[in-house]
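> generate coordinates for the sequence data below:
(2 chains)
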Amino acid sequence: MNRRNFIRNASLATAGAFGVPYILPSGRLFASTGEQMAPHVVYVLFAGGVRQQESVLQRYLDDSQGMPFAGNIMYNMFNGDSPENKIVYGTDQGNGSAGGTPIPRILSQTLESQGLLFREVRAGSAGHYGGLNNLLQGSTVTTQGLKQKPLNPTIFEYLRRHGGYPASKIWFIGNGIGNSIPLLNYSNHPNYGSRYGANFFAPSITFGNLGFEHLSNARIYHPENELDPMYQMKYFLDQSFSSVGEGGDSLGNTEEEKLSIKEFMRDMYERVTLNAVALPPVTDNTDSLSIGFACEVMKWFKPALTVVNLSGVDGCHSDFTGYLRSLHRADHAVGHLWNYIQTQIPEMAGNTILIASPECGRNLNPNPIKDINDWYGYDHSDANSGRVFTIMAGPNVPSNLGIGSEGNPIGLTSDNVPTIGQILGVKNEIMNAGFLAPGTTSLFDRI
Amino acid sequence: MKVKPFLLFLALCAVLGACRKPEANDLYEVNQVALYPSIADKNKMKTQEQYVSILHTNLFQTALSGSELVQIIDCLESIGDKELGREVLISNFMNKPGVILPSDSLMRADPEVFVMQTYERFFVRRPSEAEKTWFIEFIEANPSLSAELVYFAFALSNEYLYY
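Numbers count the residues shown, from 1 in each chain, chains lettered A, B, ... in the order given. The predicted structure is shown next:
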């Protein structure tokens, strides 16, 4: 081969190497073609049935208990002055009255002023389960049963299948394993399913007493000398069995990803023992635990999508005072989450978009159950339960912009799925898949 | 009139005859389990409870208590990647006192017997010639391979999820 031929062949080979499409870990041939608005999204499912009256509308006791005391108890998220009287939502230390000391704000600038607030959004369901499915699938499937895997693809699967994201870049942090929470990380849809699912932890179990008892004392195997031959044997056994059946519930974490997740778990058990988990300053409910471990997951894996489910406010059925306290803490937790990203995770600071929406609202009128302050509880089943908000902040999100109002609802909770798709570059694929609820579109298209 | 006392007497004899102390030579056994004639006969997936119970019995040769079983199932539920969850559980079991594993020297003394017994223990079937040959060669080609790792691979395999 002369020099000219060599150079020509080498050039062709190089061009070919770049031109040949890569098969992504997800099995997808090409990465998504959509342009990303940001490389990371944190999505807060907030937080177990929230009335507009005590959140966006900042009416505190004025529109629930017939007491003329209004004010904003979510001052990390929304602009507005806090209540001046009947303070019950804070911590107990300080002035001696129960809940009388509001938790100091974490963010110097509210998420509302940093970003975009859809003040009046229609929820796809008046219940938690339908609402969560709506937030994660972008669809309203009336045949979806409790304790059942989602029927339509979830945002996790859209991202992994169409965006080519590896499993360890897509995470769902649950508030527990009750109801259907651990089932929501992927659907039963034949074109999607577990191989495109999200990694999931329920920290109160995984890293709680049960996890310590049964998962924390794992034998540590050498990755090359021990795990590698073990996996070789497993793959051989699986190959022999492949004509009969398969595991069916693997998320497709690679060996390296599995190793990283196991190392993360070991690290968490140590951190729990040392009381060094990145929890919010006030940690007196389960939501703070979920947020703390979500921070740890983000710091370790730098996920493209982290979804965290909060549920503390659901005590409102029988304890309105507890509801106010939980709402205040959920705001505190979100403030901590945003602050932690900006100050403790350099890879995600300044290039992460946060989205938060309640899965459903709560009733206009109370039920007859009174709490310790003789305040009535609220269930969720009427039209007021279909009223929620969506707040966003981060790069390429308009700042200090409010959309819609109490009399002018704009947006659906199902919009969050194509919105996340747009941020991460797979909006068109999601819109064209054909599973979204009628009228659903990216929130950026509603501005 | 005399039939009733007679029947009562017979019933008493029957009860007394049935109640006797166990003899020292009484032998209690578990039922023999028939091996699967072929791999294709496994078409039902184990529940998580079945998987964990059988795994514990295979590794410890004792039954898992009901409360422990519920706790372990909760732990597995709390991890999204079930295969990863099983891997973490197995490696925890391997670290617990009481786990019963064949010694490495036993495995290397007669790899064929070890492979046959491992297939029967975990898969309740005999290996095909190809499977047996592959494993024997793999054991012989990897001098540092332990019996524990072989057990780990079988416990983590897809076939072990079925019966």
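> and the strands in the chain?
Using chain A here. For chain A, the strands defined by DSSP state E occupy A:40-45, A:116-122, A:170-173, A:199-201, A:305-309, A:352-357, A:387-393, A:401-403.
> looking at the ones you listed, spot the one closest to B:E49.
Closest to B:E49 of these, according to CB to CB: strand A:199-201, at 20.0 Å. Where C-beta positions appear, they are placed from N, C-alpha and C, glycine not excepted.
> for that closest one, packing partners?
Judged by 3 or more CB pairs under 8 Å, 6 or more residues apart in numbering or on different chains; DSSP states H and E, strand A:199-201 is in contact with strand A:170-173.
> direction included, what does the strand it packs on pair up with?
strand A:199-201 (parallel), strand A:305-309 (parallel) (DSSP bridges).
> in stretch A:187-203, what counts as buried?
For stretch A:187-203, the neighbour count (16 or more other CB atoms under 10 Å in any protein chain shown) marks A:187, A:189, A:192-203 as buried.
> cool, and stretch A:100-108?
Neighbour-count burial for stretch A:100-108 flags A:100-103, A:106-107 (criterion: 16+ other CB under 10 Å).
> tell me the contacts of the residue in the stretch 301-447 of chain A that chain B sits nearest to?
Residue nearest to chain B within the stretch 301-447 of chain A: A:V307 (11.3 Å; CB to the nearest CB). A:V307 makes contact with A:42-45, A:136, A:155-156, A:171-173, A:198, according to CB atoms under 8 Å, 6 or more residues apart in numbering or on different chains.
> check the buried residues of stretch A:187-203 and tell me the two furthest apart.
Farthest pair in those (CB to CB) is A:H189 and A:P203. Separation: 27.5 Å.
> show me the helices in the chain, by range?
Defaulting to chain A. Here chain A has its helices, by DSSP state H, at A:3-19, A:111-114, A:128-137, A:155-163, A:203-206, A:209-214, A:228-241, A:255-274, A:286-301, A:320-344, A:416-424, A:427-433.
> could you do chain B instead?
Assigned by DSSP H, chain B shows helices spanning B:3-18, B:48-60, B:66-77, B:82-94, B:104-109, B:111-123, B:129-141, B:147-156.
> make TSV from the ones you listed and add mean pLDDT, mean neighbour count and distance to chain A to it.
As requested, those are exported to TSV (pLDDT from 0 to 100; neighbours: other CB atoms under 10 Å in any protein chain shown; distance: least, CB to the nearest CB, whole Å):
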stretch	mean pLDDT	mean neighbour count	distance to chain A
helix B:3-18	62	9	44
helix B:48-60	96	18	10
helix B:66-77	97	18	4
helix B:82-94	97	22	4
helix B:104-109	96	14	13
helix B:111-123	96	17	9
helix B:129-141	97	15	6
helix B:147-156	98	23	4
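> and A:T91, how far from chain B?
Note on A:T91: its distance to chain B, by CB to the nearest CB, to the nearest Å, is 29 Å.
> and the gap between that residue and A:R325?
Taking CB to CB, to the nearest Å as the measure, A:T91 falls 9 Å from A:R325.
> these two: which is more packed in?
A direct count of neighbours by other CB atoms under 10 Å in any protein chain shown for A:T91 and A:R325 places A:R325 higher, at 24 against 18.
> now A:S240, nearest residue through space, not along the chain?
B:E131 (6.0 Å; CB to CB, 6 or more residues apart in numbering or on different chains).
> before we move on, what about B:K82?
A:D249 (4.1 Å).
> the residue in chain B that chain A sits nearest to: what's it in contact with?
Here chain B gets closest to chain A at one residue, B:G80, 2.7 Å apart by CB to the nearest CB. Listed by CB under 8 Å, 6+ apart, the contact set of B:G80 reads A:172, A:182, A:185, A:197-201, A:251.
> closest one of these to chain B?
So of the contacts of B:G80, ranked by how close each gets to chain B (CB to the nearest CB), first place is A:F200, at 2.7 Å.
> what's the distance between A:N209 and A:L443?
A:N209 is 40 Å from A:L443, where distance means CB to CB.
> between those two, who's got more neighbours?
A:L443 (24 against 10).
> circling back: identify the contacts common to A:T91 and A:R325.
Joint contacts of A:T91 and A:R325 (CB under 8 Å, 6+ apart) are A:G99.
> residue contacts, the residue sitting nearest the centre point of chain B?
Of all residues in chain B, the one closest to the mean position by CA atoms, centre = their mean is B:N58, 3.7 Å from it. By CB under 8 Å, 6+ apart, B:N58 lies in contact with B:121-122, B:155.
> wait, A:D249 sits on B:L84?
No. Using CB atoms under 8 Å, A:D249 makes no contact with B:L84, being 10.0 Å away.
> quick one: the one residue sitting closest to the centre of chain A from B:M107, how far?
Nearest residue to the geometric centre of chain A (CA atoms, centre = their mean): A:V307, 1.8 Å. Using CB to CB, A:V307 is found at 45 Å from B:M107.
> likewise for B:E87?
Taken as CB to CB, the span from B:E87 to B:M107 is 22 Å.
> likewise for A:E257?
Taking CB to CB, one finds A:E257 at 31 Å from B:M107.
> do the same with A:G394
From A:G394 across to B:M107, the span is 56 Å (CB to CB).
> could you find the closest non-adjacent residue to B:R125?
Here the residue nearest B:R125, using CB to CB, 6+ apart, is B:Y36, at 4.1 Å.
> for the residue of chain B closest to chain A, which non-adjacent residue is spatially closest?
Going by CB to CB, 6+ apart, B:G80 has A:F200 as its nearest residue, at 2.7 Å.
> wait, doesn't that neighbour sit right on A:F172?
Yes. Using CB under 8 Å, A:F200 is in contact with A:F172, at 4.6 Å.
> nearest residue to residue 38 in space, please, no chain neighbours.
All of this is about chain A. A:I353 (4.7 Å).
> my question was about chain B, not that one.
B:R125 (7.3 Å).
> OK, contacts around that neighbour?
By CB under 8 Å, 6+ apart, the contact set of B:R125 is B:35-39, B:119.
> which of those count as buried?
Neighbour counting with 16+ other CB under 10 Å marks B:36, B:39, B:119 as buried within the contacts of B:R125.
> hmm, the second one is touching A:D238, no?
In other words, B:I39. No. Between B:I39 and A:D238 there is no contact under CB under 8 Å: 11.9 Å.
> mind listing the shared neighbours of those two?
With CB under 8 Å, 6+ apart, B:I39 and A:D238 have common neighbours B:E159.
> could you check how many residues crowd around residue 40?
No chain specified, so I'll use chain A. Neighbour tally, A:H40, other CB under 10 Å: 25.
> hmm, no, I was thinking of chain B.
That count, for B:A40 with other CB under 10 Å as the rule, works out to 11.
> does A:G377 touch A:C316 like I think?
Yes. With contact defined as CB under 8 Å, A:G377 counts as touching A:C316 (5.7 Å).
> quick one, which of the two is more surrounded?
Set A:G377 next to A:C316 and count neighbours by other CB under 10 Å: A:C316 wins out with 31 against 22.
> apart from its neighbours in sequence, what residue is nearest the more buried one?
Nearest non-adjacent residue to A:C316, counting by CB to CB, 6+ apart: A:Y323, 3.6 Å away.
> burial count for that neighbour?
A:Y323 has 28 nearby residues by other CB under 10 Å.
> mind checking the end-to-end distance for stretch A:64-79?
End-to-end distance for stretch A:64-79, by CA to CA, to the nearest Å: 21 Å.
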